[in-house]
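Enquirer: Here's my sequence, what's the structure:
(one chain, ligands or ions: 1)
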Amino acid sequence: SANASPSGQQPTATYDSAFLKACRREAVPHTPVWFMRQAGRSLPEYRKVREGVPMLESCMRPELVTEITLQPVRRHNVDAAIYFSDIVVPLKAIGLDLDIKPGVGPVVEQPIRTRADLARLRDLTPEDVPYVTEAIGQLTCELGATPLIGFAGAPFTLASYLVEGGPSRTYENAKAMMYGDPGLWADLLDRLADITAVFLKVQIEAGASAVQLFDSWAGALAPADYRHSVMPASAKVFEAVAGYGVPRIHFGVGTGELLKLMGEAGADVVGVDWRVPLDEAQRRVGPGRALQGNLDPTVLFTGKDTVEAKAREVLDAAEGLEGHVFNLGHGVLPTTDPDALTRLVEYVHTRTAR
Ligand code: CP3
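Expert: The predicted structure follows:
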């Protein structure tokens with residue numbers, strides 16, 4: 001496969017990249033950098049090609065996906081590309097009536113609330129997402145030695161949209177199901193784990209060099225509830241893709257109390273938001289895993305000197321880590337000045353050059 005380890009096989013173009021080395025906790029020529037939401041509204045060239053094309057439709061057009069995924073790589077010199085898609089694409093692909101509303105997020109016409117509703121969640125097959133295979137095939141050709149990160153939403157974060165019917169601040173319907181009908185909840189998360197596993201496998205088999213599982217909203221959960229009611233489903237996803245040997249990244253927001261469990265779920269790299277310094281995060285995660293993060297995305301709204309001082313704090317806290325991938329603590333905010341991102345990549349590369 002395109003991602004096989006070099007043991008007895010031909011090393012691939014991406015295998016020796018700084019990004020994959022850092023994920024494997026090997027020595028790196030410089031600290032690799034990429035940004036969550038690096039493709040998207042902060043870029044004028046993105047806004048231009050997206051004009052008049054609804055979000056979910058854009059995810060199903062391979063030419064457009066390829067162009068949008070490459071835009072931040074060309075502009076910022078980041079160490080990895082992230083496949084342009086959305087966490088709800090596999091749910092759309094199995095026929096759920098959902099849409100992404102501009103400025104709002106994913107909205108589901110008929111939320112999943114009962115056992116009867118579960119029947120609408122059929123299995124995902126590779127034939128449901130031919131555009132993913134096609135786009136990733138094009139992308140890995142064009143990217144050459146730059147790795148492509150595939151991704152999916154984790155079962156809890158997907159469930160939060162499906163049960164609420166849209167974005168929520170409290171997740172009251174989803175958490176009420178988790179506490180009040182644990183059997184239904186477990187079955188829902190298990191279905192979502194299977195769908196997510198297939199979605200990641202399709203991306204890896206098409207050539208993705210790493211995968212990130214976004215459990216963006218897991219920070220809403222107490223550790224005991226996460227361990228009991230959510231972690232088994234996320235662990236099932238990680239286990240399903242373990243055999244490919246590609247690094248598995250696990251990210252959430254506000255997950256300071258969950259970092260250890262998020263590693264134990266089966267991640268090689270644990271993503272950290274800006275609330276926990278990386279040295280403390282490594283103590284919580286324990287040995288044997290790399291970390292990714294964790295500059296506060298709002299720092300990019302300050303001047304160059306402040307950005308560099310705050311980036312340096314992140315690098316200093318990462319000094320003793322086994323592996324570090326520099327990133328923001330969450331996605332690039334849409335009004336970010338893209339030049340600030342380009343300068344930040346340059347700063348991290350220069351400052352960490354070995
Ligand atoms: O560059 C990248 O990171 C790849 C693209 C990407 C998108 N969504 C594109 C997108 C990724 C990795 C995602 C993941 C995603 N989608 C997450 C997890 C990451 C996170 O931020 O925690 C979540 C929670 C979603 C659900 C979702 N989709 C939200 C909350 C929104 C924002 C709604 C809005 O308009 O503010 C979306 C829409 C979305 N996904 C956009 C993009 C570029 C904006 C839509 C547009 O450009 O018209």
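
Enquirer: Now whatever residue of the stretch 251-354 of the chain ends up closest to the ligand: closest residue in space that isn't a chain neighbour?
Expert: Going by Cβ to the nearest ligand atom, the ligand is nearest to Gly331 of the stretch 251-354 of the chain, at 4.3 Å. To be clear about C-beta, it is placed using only N, CA and C from the backbone, and glycine gets the same treatment. Nearest non-adjacent residue to Gly331, counting by Cβ to Cβ, 6 or more residues apart in numbering: Arg37, 3.2 Å away.

Enquirer: Can you tell me the element that neighbour falls in?
Expert: Assigned by DSSP states H and E, Arg37 belongs to no helix or strand.

Enquirer: wait, isn't it in contact with Val332?
Expert: Yes: applying Cβ atoms under 8 Å as the test, Arg37 and Val332 come out as touching, 4.4 Å apart.

Enquirer: For the stretch 151-300 of the chain, which residue gets nearest to the ligand?
Expert: Counting by Cβ to the nearest ligand atom, the stretch 151-300 of the chain gets nearest to the ligand through Ser216 (3.1 Å).

Enquirer: Can you check the pLDDT for the residue nearest to Gly331?
Expert: Looking at Arg37, its pLDDT is 97.

Enquirer: Tell me how far it lies from the ligand.
Expert: Going from Arg37 to the ligand by Cβ to the nearest ligand atom, to the nearest Å gives 4 Å.

Enquirer: ok, now Glu57?
Expert: 11 Å.

Enquirer: Just the CA trace of the helix or strand harbouring that residue, in CSV.
Expert: Element membership of Glu57, judged by DSSP H and E, is helix 55-59. Output of helix 55-59 as CSV, limited to C-alpha atoms (Å, rounded to 0.1, in the frame of the first residue of the first chain):
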residue,chain,number,x,y,z
MET,A,55,-20.8,23.2,1.2
LEU,A,56,-21.9,19.5,0.9
GLU,A,57,-22.0,19.7,-2.9
SER,A,58,-18.4,21.0,-2.9
CYS,A,59,-17.3,17.9,-0.9
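
Enquirer: Which strands and helices lie in contact with that helix?
Expert: For helix 55-59, the helices and strands in contact under the criterion 3 or more Cβ pairs under 8 Å, 6 or more residues apart in numbering; DSSP states H and E are helix 62-76, helix 89-93, strand 98-101.

Enquirer: So which of the ones you listed is the most surrounded?
Expert: Comparing the helices and strands packed on helix 55-59 by mean neighbour count (mean count of other Cβ atoms under 10 Å), helix 89-93 ranks first with a mean of 22.

Enquirer: Now do that one: distance to the chain's middle.
Expert: In terms of Cα atoms, centre = their mean, to the nearest Å, the centre of helix 89-93 is set 16 Å apart from its chain centre.

Enquirer: any residues touching it, and which ones?
Expert: With contact meaning Cβ atoms under 8 Å, 6 or more residues apart in numbering, helix 89-93 is reached by 56, 59-60, 98, 124, 128-129, 132, 152, 158, 162, 195-196, 198-199.

Enquirer: between the residues you listed, which is nearest Ser85?
Expert: Using Cβ to Cβ, Cys59 comes nearest to Ser85 of the contacts of helix 89-93, at 4.9 Å.

Enquirer: How about the contacts made by that closest one?
Expert: Residues in contact with Cys59, defined by Cβ under 8 Å, 6+ apart, are 65, 84-86, 89, 131.

Enquirer: Leu184: neighbour count?
Expert: 17 (other Cβ atoms under 10 Å).

Enquirer: check which helix or strand covers it.
Expert: helix 182-206.

Enquirer: Show me what counts as buried in that helix.
Expert: 184-186, 188-189, 191-206 (16 or more other Cβ atoms under 10 Å).

Enquirer: The residue of the stretch 151-300 of the chain closest to the ligand: how many residues sit nearby?
Expert: By other Cβ under 10 Å, neighbour count at Ser216 equals 22.

Enquirer: And Gly137, by the same measure?
Expert: 14.

Enquirer: Now do the contacts for it.
Expert: 206-207.

Enquirer: Give the helix, strand or coil label for it.
Expert: Under the three-state scheme (DSSP: H, G, I helix; E, B strand; the rest coil), Gly137 adopts helix.

Enquirer: what is the most centrally placed residue in the chain paired to in the beta sheet?
Expert: Nearest to the geometric centre of the chain sits Gln212, at 3.9 Å (Cα atoms, centre = their mean). On the basis of DSSP bridges, Gln212 takes part in beta bridges with Phe151, Ile249.

Enquirer: dump the residue contacts of the residue nearest to Glu134 when sequence neighbours are not counted.
Expert: Once flanking residues are discounted, Glu134 sits nearest to Pro62: 4.3 Å by Cβ to Cβ, 6+ apart. The neighbours of Pro62, taking Cβ under 8 Å, 6+ apart as the test, are 131, 134-135, 138.

Enquirer: same thing with Thr31?
Expert: 18, 22, 315, 318, 324-326, 348-349, 352.

Enquirer: hmm, back to that, any idea which of the contacts of Pro62 is the one closest to the ligand?
Expert: Ala135 (12.3 Å).
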